[in-house]
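Asks: Sequence and predicted structure are below.
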Amino acid sequence: MKQLARIRLYVSTIRYLKTLQILYQIKSRIAGSWKAVMRAALQHRPVPEHRRIQILIPELDETDEYVKRFHPDTLFSGEVMLLHEKHALHWEVCEASHLWNYNLHYLEFLIPLAVKYKQSHDMRYLKKWRGIVSSWLRNGSKAPDAFEPYTISLRIPSLLICLELLGEDIGSGLENDIYASIYQQYRYLLHNQELALLANHYFENLKTIVICSVVFDEPRVYHKYFRLFVRQIYEQILPDGMHFERSIMYHKIILEGILRVTVTLRNSGYRADAGRLLPAVRAMADALYGLEHGFEKTPLFNDAGDNISKRAEQLLFASKKYGGWKKGRAETAFPYAGYYRLDNGSISLLFDCGEIGPAYMSGHSHNDCLSFELAVKGRSVFTNSGTGQYQGSRRQFFRSTPAHNTVMIDNREQSELWGEHRAGRRLLNTRAFVREKEVSGQFYSYEGDFFQRRMAWAGSELQITDYVRSCKKGICTARQFFHLAPGYHYQKKGHVIAVHSDSGIVAEIAVPRNMEIKIHTEGALTAFAGEFGKYEKKEVLETAIQFERSIRLYAAIKIAEA
């Protein structure tokens, strides 16, 4: 039976893939030795003339917040800090996760080192930068993760940004070696794009190919891949401006990528093509402003964290300067992405009722339909659990229904999310609408359970009504979850539960007297990861009640004076 279930799981996952993805999955599994031969051959290929380009965006790359994220001074002790995890600087760290090793080979941590040198002219930073780059050129490029197309796609822009920051101080010999390596990586990428995955991975491949074709003045490559790049923008950016993987973190990463190409083209003789990217920049900036203002952090729907992408205010400033974006009225409905705002004075609420992602690439999806996040004066009070990791024992929890501020029946999930980045059967028939003081949404789970949630403001009280209908006969349990942000605590007084901060009561939650109440302060449910690799504890209120067939649930969150 287990074997049959496993087969069914794979079939239900594969059926959503594009034929192109399946063909390239097969190709990638049989092409290992061919890729090694190609890499070796490219090492002897003559490097054409190159030109310096302007790829740097100071408003993104030189901020104190960005520099401090990588703790550049730890490099002087032979260690590197990435994703809140520090290891000795080797080019293959076996005890670290696959994601951590990927981040190592992005070489993004070299940008803050170059910024520190530019700001201080302290030769220690330049010597350390030279030493690390030389080490990577000799040994790092041989590591298993080094020539993955995605790592190449992120590493090349990192190196080009550093070349622009450091200029002639790098030294002509090392600079020539870096350009030779970049050319080798670029030519390899031309033959190894991630067509088995598509989505944000393919976008990054195309972005870097376009930039490199400008650097090495290869117009035939440029025109072909710029067309593909624009085509992917039209496919991946939804009509409401949101990136189609429905992660606000990845939305910001893609916006940065388009800005990066815009800056490169504008300063390299392709101003008309740069202008073709501006509508996408403006649409994505509009969406980012509408989704994130009032939260002062990345809302944690689907895979998201605050230490991967640039901050929203930095991206919006860059969008204004390089993309002509103008701040207007913040949108409240993003129907294609499935996000809806329900603000009330200084209280910001974001509600999710949409598909888990594009059918053929839902690896970054979570079971978070009908979930919400709520902030008061920019400080989160109710939050989803975050992501934390892509590999590891907590991955499944962070993607699960109980990790979000939503409702479920028994232990049945909304969608069949499995492995690290796989999705089998999915929720169906999502529908939602928003009015001035009310938002509601509904869907069917992959097993057939029906869920409907209505949230409405009545003064400073948020009234929540859930209707659930089981697809199975017999006694079931309806469960609601309310996750507090770290720093807040619950205190139960009958069927009114107070939310406390250090400064006093922030909110009160009232539920019917027939509901069972649990306040979780320990255990897996209390895990929180607002940033990748950083784990904190939070408190979780769970309400539950048994029912047959269907039931309506009520809760009211009264916010103290905001």
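Replies: Received the coordinates, thanks.

Asks: contacting residues around residue 260?
Replies: Counting by CB atoms under 8 Å, 6 or more residues apart in numbering, residue 260 makes contact with 55, 57, 157, 207, 211. For glycine as for every other residue, the C-beta is placed from the backbone atoms N, C-alpha and C.

Asks: Could you look up the SS state of the third one?
Replies: Think residue 157. Assigned by DSSP: H, G, I helix; E, B strand; the rest coil, the conformation of residue 157 is helix.

Asks: Could you check how many residues crowd around residue 129?
Replies: Neighbours of residue 129 under the rule other CB atoms under 10 Å: 24.

Asks: any idea how far it lies from residue 72?
Replies: Distance of residue 129 to residue 72, given as CB to CB, to the nearest Å: 9 Å.

Asks: Find the least confident helix or strand in the protein, judged by mean pLDDT.
Replies: Across the helices and strands of the chain, the lowest-confidence element by mean pLDDT, DSSP states H and E is helix 32-42, at a mean of 56.

Asks: For residue 304, pull up the helix or strand it's in.
Replies: Following DSSP states H and E, one finds residue 304 outside all helices and strands.

Asks: Can you get me a residue count around it?
Replies: The tally of other residues near residue 304 (other CB under 10 Å) stands at 27.

Asks: what do residue 129 and residue 72 both touch?
Replies: Shared contacts of residue 129 and residue 72, defined by CB under 8 Å, 6+ apart, comprise residue 113.

Asks: Strands of the stretch 51-200 of the chain, start to end?
Replies: 79-82, 85-88 (DSSP state E, counting those that start in this stretch).

Asks: Go through those and name the closest to residue 190.
Replies: Set against residue 190 and scored by CB to CB, these come closest in strand 79-82, at 28.2 Å.

Asks: partner strands of the closest one, parallel or antiparallel?
Replies: strand 85-88 (antiparallel) (DSSP bridges).

Asks: any idea of the mean pLDDT for the strand it pairs with?
Replies: Per-region confidence: strand 85-88 scores 95 on mean pLDDT.

Asks: Just the CA trace of that strand, in CSV.
Replies: Provided in CSV are the C-alpha atoms of strand 85-88 (Å, rounded to 0.1, in the frame of the first residue of the first chain):
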residue,chain,number,x,y,z
GLU,A,85,24.8,30.3,10.4
LYS,A,86,28.5,30.6,10.7
HIS,A,87,31.1,28.2,9.3
ALA,A,88,34.8,28.1,8.5
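
Asks: Now it: buried residues?
Replies: 85, 87 (16 or more other CB atoms under 10 Å).

Asks: likewise stretch 527-546?
Replies: Buried residues in stretch 527-546, counted by 16+ other CB under 10 Å: 527-534, 538-543, 545.

Asks: one step back: next, format the strands of the stretch 51-200 of the chain as TSV and append distance to residue 357.
Replies: Shown next, in TSV, are those (distance: least, CB to CB, whole Å):
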stretch	distance to residue 357
strand 79-82	26
strand 85-88	27
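
Asks: now for those strands, which one comes closest to residue 172?
Replies: Of these, nearest to residue 172 by CB to CB is strand 79-82, at 27.2 Å.

Asks: If you count neighbours, what's buried in that closest one?
Replies: Neighbour counts over strand 79-82 (16+ other CB under 10 Å) mark 80, 81, 82 as buried.

Asks: now the last one, which residues is it bridged with?
Replies: Yep, that's residue 82 we're talking about. On the basis of DSSP bridges, residue 82 is bridged to residue 85.

Asks: sorry, back to before: for residue 263, which of the strands of the stretch 51-200 of the chain is the nearest?
Replies: strand 79-82 (25.7 Å).

Asks: picking up where we left off before, out of the contacts of residue 260, who's nearest residue 466?
Replies: Nearest to residue 466 among these, with distances taken as CB to CB, is residue 207, at 42.1 Å.

Asks: Which helix or strand lies directly C-terminal to the host helix or strand of that closest one?
Replies: In this assignment (DSSP H and E), residue 207 forms part of helix 199-215. Using DSSP H and E, the helix or strand that follows helix 199-215 towards the C-terminus is helix 219-236.
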